[in-house]
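Q: This is a predicted model, with the sequence first.
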Amino acid sequence: MAEKDKELSLGPKVVDLDRLAPEKRQVRLGGRLIDVTTIPARVLLDAAKFSDEQDSLTNLEKIEHSIQIVARIAQTRDAEITADWLLEHADLNQLQAFIRYCLEPITKGRKGEPQAANSSA
């Protein structure tokens, strides 16, 4: 009976999924340090849908959608980083590099299956 009381006093087991958090990933752009570590699941699903639909989109639609996706990633930590903000504060080369860096954890896994979690740079 003493063992059973001991088990009850320990309480429920807690699985700490926060330990799975990736290493911090940051970008300096437009004088700001932008944290792009976290890619919310909803954004990941939208990116996968976008990837499936790319053949039917124009180049302009692809660029606009990519900017929207990376803006949503940046907004996870800084609500002021919008698609408009990115277009105002980045030149074409910076914007392309920002998109590549933000989407790297997703695109790295494309050779097989898409990655479900962020990875470090």
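A: Nice, thanks for sending it over.
Q: if you skip the residues just before and after it, what's nearest to residue 74?
A: residue 81 (3.8 Å; Cβ to Cβ, 6 or more residues apart in numbering). For every residue, glycine as well, the C-beta is placed using N, CA and C.
Q: Show the backbone phi and psi for the one you found.
A: phi -90, psi 100 (degrees, to the nearest 10).
Q: wait, it sits on residue 72?
A: No. Taking contacts as Cβ atoms under 8 Å, residue 81 lies outside contact range of residue 72: 9.3 Å.
Q: who's more crowded, these two?
A: Using other Cβ atoms under 10 Å as the criterion, residue 81 and residue 72 rank with residue 81 on top: 24 against 19.
Q: For that one, give me its contacts.
A: Applying Cβ atoms under 8 Å, 6 or more residues apart in numbering, we find residue 81 in contact with 32, 34, 71, 74-75.
Q: Which residue ranges of the protein form strands?
A: 26-29, 32-35 (DSSP state E).
Q: Dump the ones you listed into TSV; add mean neighbour count, distance to residue 62 and mean pLDDT as well.
A: Formatted as TSV, the strands of the chain follow (neighbours: other Cβ atoms under 10 Å; distance: least, Cβ to Cβ, whole Å; pLDDT from 0 to 100):
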stretch	mean neighbour count	distance to residue 62	mean pLDDT
strand 26-29	15	21	96
strand 32-35	16	22	96
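Q: Nothing else from me, thank you.
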